[in-house]
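Asks: starting from these lines, generate the structure:
(one chain, ligands or ions: 2)
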Amino acid sequence: MKAISDARPLYPQRPAGQWHNRRVAFSVAIIALLFVVPFVRINGQQLVLLNVVERKFIIFGVFIGPQDYWLFGLMMLSFFVFIVLFTTVFGRLWCGWACPQTVFMEMVFRKIEYAIEGDTGKQKLLDKAPWTTDKILKKGLKYTLFLLISFAIANLLLAYVLGTDALYKIISEPLQDHLALFSGIVAFTAIFYWNFAWLREQACTVVCPYGRLQSVLLDRNSINVAYDHERGEPRGKLHKGTIRTEGDCISCFQCVAVCPTGIDIRNGTQMECVNCTACIDACDAMMDKVGFERGLIRYTSENAITKKSAKVITPRTWGYAAVLVLLWSALGFVVATRTDTQTTLFRAPGSRYIENADGTISNLYTFKIFNKTNATIKPSIRLDSPHGKLLFAGSPDLTLEAAGMSEGTVFVVIPKSELKSRKTVLKMSVSQGSRQLETFETTFIAPEE
Ligand code: SF4
Ligand code: SF4
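Replies: Ligands and ions are numbered 1, 2, ... in the order given. The predicted structure follows:
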């Protein structure tokens, strides 16, 4: 296994070709989406919020507060199964096309590097050259741009984690009022800068746990960027004027030269491969030059290469899909039947019924009411049946902040005539205005007749 300290700087050749063009278009869409999503609001709340600090999440409009940890767990589990299923079938499509690390590294930071320092050869020369004015200007410009983009990404992270309101505040209000937040932005700017200026592909090859899972998740039917060894081997240089007896690989090493993780795809599927497609383009360009058919390196599976069968759906895939459908169904049911409040109301420990002089019986309860929405609500607790009334100890005002909680004690008072047995089930509800938010039951104790 490669360690960070062993790493040597890589100078991958500038990629070009049809797959690269597709990836550029896709990356533009991904980056636009990443920067737009936290600013989209539905019913006044952010479309996506991942506030791990306060354990508040909004996933496409569904608010998940601290008390909804099981819903969050279910969502995470579904996401994990989805990742497993997706990876089993499509390999590391995510890494090459949509992972923010790859997208920013290959489509933003490396593009800036190529634009300022030139391609591989020029970069190597510049790094070896003495510190002339030209080198200082080039390096200074490159790392200033890296720093500014890292700062923008750190701000974006804040918008996702603490929300755009926090971001507006820090921008519009005096800095000394938000020193902690600003320190966080500075710290994350430094981390992103270190990641994109120094760590680079090692984030994928050494740090990322998803990359490490590949050996478990992939099978011989998984689709990956792969070298067709049946067609390419035995490899050998192309010699003009001789009849070729080798395979189609002409040992030009172009696939190695463009690889941003520095591997040779011809050695088979490797954990370091992020499926960036650069080697497909490089090899296709070479095949065009020498007049061979394109696709020596392509999206394919090991079985498609060796057995000429391209079976994508295997029993394992069906198994994952079945689990995923079950999880999504459960998730859909839970979200659809979810209430805005969650109330617990229990008889106060050690308390008995109280017989009142007016012919009523009282039971004392303690209650807790959680607001499961991201807005302030003013709910009221009601006794729906049997007929009776609630007497709150203290103020009956239950105004709840977003994701807030209120607790208190309440007497339930019921006329004896309404009570047919020692234990009576009370049907209760929580409403806001005329809108019922939740219903629940509890028991009421009366003396034996
Ligand atoms: S082997 Fe090919 S697809 Fe994999 S990382 Fe290297 S260039 Fe990208
Ligand atoms: S680019 Fe293609 S032909 Fe050249 S070494 Fe790689 S696999 Fe062989």
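Asks: residues touching residue 270, list them.
Replies: Taking CB atoms under 8 Å, 6 or more residues apart in numbering as the contact definition, residue 270 lies against residue 263. Heads up, the C-betas are built off the backbone N, CA and C, glycines and all.
Asks: now residue 382. Nearest residue, chain neighbours left out?
Replies: Counting by CB to CB, 6 or more residues apart in numbering, residue 382 lies nearest to residue 429, which is 5.1 Å off, once chain neighbours are set aside.
Asks: so that neighbour: helix, strand or coil?
Replies: strand (DSSP: H, G, I helix; E, B strand; the rest coil).
Asks: burial count for it?
Replies: Look at residue 429: counted by other CB atoms under 10 Å, it has 17 neighbours.
Asks: show me what the closest residue to residue 300 other than its chain neighbours is bridged to.
Replies: Ranked by CB to CB, 6+ apart and with sequence neighbours excluded, the top spatial neighbour of residue 300 is residue 226, at 5.2 Å. Residues found in beta-bridge contact with residue 226 (criterion: DSSP bridges) are residue 298.
Asks: now check stretch 293-303, is it near ligand 2?
Replies: Yes - part of stretch 293-303 sits near ligand 2 under the criterion CB under 6 Å from any ligand atom, namely 296-297.
Asks: about what we covered before: does the residue nearest to residue 300 touch residue 305 like I think?
Replies: Yes - Residue 226 lies in contact with residue 305 (CB atoms under 8 Å); the separation is 6.6 Å.
Asks: so these two - more neighbours on which side?
Replies: Regarding residue 226 and residue 305, a neighbour count based on other CB under 10 Å identifies residue 226 as having more, with 24 against 19.
Asks: separation between the more buried one and ligand 2?
Replies: Residue 226 sits 11 Å away from ligand 2, going by CB to the nearest ligand atom, to the nearest Å.
Asks: mind listing what's buried in the longest helix anywhere in the chain?
Replies: Ranked by residue count, the top helix of the chain under DSSP state H comes out as helix 133-161. By neighbour count, and taking 16 or more other CB atoms under 10 Å as the criterion, the buried residues in helix 133-161 are 138, 142, 145-147, 149-151, 153-161.
Asks: again, but for stretch 300-312
Replies: When neighbours are counted by 16+ other CB under 10 Å, the buried residues of stretch 300-312 are found to be 300-305.
Asks: cool, stretch 402-414 as well?
Replies: Buried residues in stretch 402-414, counting neighbours by 16+ other CB under 10 Å, are found at 403, 406, 408, 410-414.
Asks: using CSV, write out every CA atom in the helix or strand where residue 179 lies.
Replies: Secondary-structure assignment from DSSP states H and E places residue 179 in helix 179-194. Taking only C-alpha atoms (Å, rounded to 0.1, in the frame of the first residue of the first chain), the coordinates of helix 179-194 have been written out as CSV:
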residue,chain,number,x,y,z
LEU,A,179,-14.5,35.2,14.8
ALA,A,180,-15.2,31.5,15.5
LEU,A,181,-16.9,31.0,12.1
PHE,A,182,-14.3,33.0,10.3
SER,A,183,-11.5,30.9,11.9
GLY,A,184,-13.4,27.8,10.7
ILE,A,185,-13.4,29.2,7.1
VAL,A,186,-9.7,30.0,7.4
ALA,A,187,-8.9,26.5,8.7
PHE,A,188,-10.9,24.8,5.9
THR,A,189,-9.3,27.1,3.3
ALA,A,190,-5.9,25.9,4.5
ILE,A,191,-7.1,22.2,4.4
PHE,A,192,-8.5,22.6,0.9
TYR,A,193,-5.4,24.4,-0.3
TRP,A,194,-3.2,21.6,1.2
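Asks: by how many degrees do it and helix 133-161 diverge?
Replies: 130 degrees (axes from the mean of the first three to the mean of the last three CA atoms, to 10 degrees).
Asks: contacting residues around helix 179-194?
Replies: Outside helix 179-194, the residues within contact range by CB under 8 Å, 6+ apart are 146-147, 150-151, 153-155, 157-158, 162, 166, 170, 175.
Asks: ok, now with 10 Å
Replies: By CB atoms under 10 Å, 6 or more residues apart in numbering, the surrounding residues in contact with helix 179-194 are 53, 104, 109, 143, 146-158, 161-162, 166-167, 169-170, 175-176, 178, 199-200.
Asks: what's the answer for stretch 144-151, then?
Replies: Counting by CB under 10 Å, 6+ apart, the neighbours of stretch 144-151 from elsewhere in the structure are 104, 108-109, 112-113, 115-116, 185-186, 188-198.
Asks: if we go to 7 Å?
Replies: Contact partners of stretch 144-151, identified using CB atoms under 7 Å, 6 or more residues apart in numbering, comprise 108-109, 112, 189, 192-193, 196-197.
Asks: where in the stretch 201-350 of the chain is pLDDT low?
Replies: Counting by pLDDT under 70, the low-confidence segments of the stretch 201-350 of the chain come to 310-312.
Asks: and it, which residues reach ligand 1?
Replies: Close to ligand 1, as judged by CB under 6 Å from any ligand atom, the stretch 201-350 of the chain has residues 225, 258-261, 263, 265, 273-279.
Asks: tell me the pLDDT at the nearest residue to residue 423 once chain neighbours are set aside?
Replies: Once its chain neighbours are removed from consideration, residue 423 has its nearest residue in residue 443; the separation is 5.4 Å (CB to CB, 6+ apart). Reported pLDDT at residue 443 in the predicted model: 94.
Asks: please identify the helix or strand for residue 443.
Replies: Following DSSP H and E, one finds residue 443 within strand 435-445.
Asks: now that strand, how far from the chain's geometric center?
Replies: Computed by CA atoms, centre = their mean, to the nearest Å, the chain-centroid distance of strand 435-445 equals 37 Å.
Asks: stretch 212-230 now?
Replies: Chain-centre distance of stretch 212-230: 24 Å, with CA atoms, centre = their mean.
Asks: quick one, strands of the stretch 151-300 of the chain?
Replies: Secondary structure of the stretch 151-300 of the chain (DSSP state E, counting those that start in this stretch): strands at 224-227, 297-300.
Asks: understood, closing this out.
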